[in-house]
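Novice: Provide a 3D model corresponding to the input given below.
(chains A, B, C and D)
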Number of protein chains: 2
Amino acid sequence: MLNESYNQYSFILDRTARKVKQYAQTAFAEQQFDLTVDQWIVLRTIYENPSLSNKEMAELCGKDQPTLTRIIDLLIKKEFAERISHPSDRRSLRLHITKKGEYKIQEIAPKVADFRMQAWKNLNEEDFAHFTRILNTIYDNLTHK
Amino acid sequence: MLNESYNQYSFILDRTARKVKQYAQTAFAEQQFDLTVDQWIVLRTIYENPSLSNKEMAELCGKDQPTLTRIIDLLIKKEFAERISHPSDRRSLRLHITKKGEYKIQEIAPKVADFRMQAWKNLNEEDFAHFTRILNTIYDNLTHK
DNA sequence: TAACAATAATTAGTGTGACAAATATAATTA
DNA sequence: TAATTATATTTGTCACACTAATTATTGTTA
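Specialist: This next block holds a predicted model:
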C-alpha cells in the first residue's frame, strides 16, 4: 500500500544521514583531528559567531541545549573553547573559542572540506537544488505544526 | 566558497533526519505505544521476516549488531519478541515475535502510517523519485569506498 | 517588597549509534 | 585430533538526542 513507501523514505533518510556522519567521523579519527564531527560543527559555529549564549548557539548549531552543554564541556576539556559570564545577567554566559581552538579550525577546515566532497559525487547543481528544497519541505512540515 | 555549501548539505540532511525521528517519537509517546521508533522498526522487521539470525536481522534493519542486540533485549523485556536457539548451531539464534508483539504491530501500524504522512506533505511523486535517487547516490558514494 | 512566574543553564535518565574487545561455538587444517 | 582460524553474539565505552527535573537568577505583580 501507499503508506508503506513512507516508511521506506524515513528509512532511507535515516540511513543516509548516519552514513554521512559515520564517513566523516572515520576520516576525523584516521587523521587524528582530536574532535568528533559534532564537536567540530559546534566549534566552527562558535568560531564564526562568537560571544553568543548557550541557547543562541544551540539554535544555530541545530542542537538542543543539553546536548550543546555537553559538547561545550568536552571542548572546554580540550581547551578549544571557554565560557565567559555575562556582565549583567548572571544566569547567562558567552561562548568563545580559544587560540588553540582557532588554530584547530584553521588546520582542519580545508581537510574536512576535502573529504566531505566525497558524499556529493555524481550529483549536479540541479540535484542539490532538489535536495535542499525537498529536505527543507520535510523539515518545515514537522516544525511548529 | 563552494566547499562551504557541502557542509550545509550535511547539516540539512542531519537536521531533517532528526526531525523526522523526533516527530514520530513524540507521536509514539503521546499515543502511549510503549515502543520507541527504533524498537518499532525492529519489531516490524521481525514480524515481516521471522526466524532470522541477529546478524541477518541487523542487516535488514540497517543497524549494527550490538545495537540490534540491545533493542532486542528491550523488546524481550516487554515480551514483544523472543530469541530461540538454533537447532544445529549453538552460536546462533532465531528472532521471533510473540503473540503480544503481533497484537502490538496490528494495533499501531495503521496509526503510524497516519502520522508518518505528515512529513511528506507538499511533495509529489516526482519529488519522491528525486529524494530516493539523490539520497541513495549519497549512500552509495560512501559505501565500500 | 514578598511571592510568584519566567528564563538560562545544567543535570539526570533512557535510548541509540559506532567501534573494539570478549565470549562461546563451529569449521578448518596441520 | 589438537591447534588455529572463523563466525555469532554480547559486553564495554564513549558520544549524541531527547525529555524532564533542578538550580540559579531575573522579572513581574499583588
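Novice: Could you pull up phi and psi at the nearest residue to residue A:85 once chain neighbours are set aside?
Specialist: Excluding the flanking residues, the one nearest residue A:85 by C-beta to C-beta, 6 or more residues apart in numbering or on different chains is residue A:93, at 5.3 Å. To be clear about C-beta, it is placed using only N, CA and C from the backbone, and glycine gets the same treatment. Phi and psi for residue A:93, reported as degrees, to the nearest 10, are phi -150, psi 160.
Novice: just checking, residue A:93 touches residue A:82?
Specialist: No - Residue A:93 is beyond contact range of residue A:82, at 9.6 Å (criterion: C-beta atoms under 8 Å).
Novice: ok, residue A:97 - contacts?
Specialist: By C-beta atoms under 8 Å, 6 or more residues apart in numbering or on different chains, residue A:97 lies in contact with A:43, A:46, A:47, A:50, A:80, A:81, A:105.
Novice: Now the fifth one: closest residue in space that isn't a chain neighbour?
Specialist: Computed as C-beta to C-beta, 6+ apart, the closest residue to residue A:80 that is not its neighbour in sequence is residue A:101, at 3.6 Å.
Novice: Please tell me I have it right and that neighbour contacts residue A:76.
Specialist: No - contact criterion C-beta under 8 Å: residue A:101 and residue A:76 do not qualify, at 9.9 Å.
Novice: still on that earlier bit, the residue nearest to residue A:80: which element?
Specialist: Assessed by DSSP states H and E, residue A:101 sits inside helix A:99-116.
Novice: Just the contacts of residue A:97: which are in strands?
Specialist: Judged by DSSP state E, the contacts of residue A:97 include residue A:81 as members of strands.
Novice: In the contacts of residue A:97, find the pair that's most separated.
Specialist: Spanning the widest gap among these are A:50 and A:80, at 13.1 Å by C-beta to C-beta.
Novice: With neighbour numbers in mind, choose between the two.
Specialist: residue A:80 (26 against 12; other C-beta atoms under 10 Å in any protein chain shown).
Novice: these two touch, right, residue A:64 and residue A:57?
Specialist: No - contact criterion C-beta under 8 Å: residue A:64 and residue A:57 do not qualify, at 11.4 Å.
Novice: what's the distance between residue A:28 and DNA strand D?
Specialist: The spacing between residue A:28 and DNA strand D, counted by C-beta to the nearest atom of the strand, to the nearest Å, is 10 Å.
Novice: Could I get the full set of strands for chain A?
Specialist: Counting by DSSP E, the strands of chain A are A:81-85, A:93-97.
Novice: quick one, which of those strands is packed in tightest?
Specialist: Highest mean neighbour count among those (mean count of other C-beta atoms under 10 Å in any protein chain shown): strand A:93-97, with a mean of 19.
Novice: how many neighbours does the nearest residue to residue A:120 once chain neighbours are set aside have?
Specialist: Take residue A:120 and drop its neighbours on the chain: the residue closest to it by C-beta to C-beta, 6+ apart is residue B:6, 5.8 Å away. Using other C-beta under 10 Å, residue B:6 has 19 neighbouring residues.
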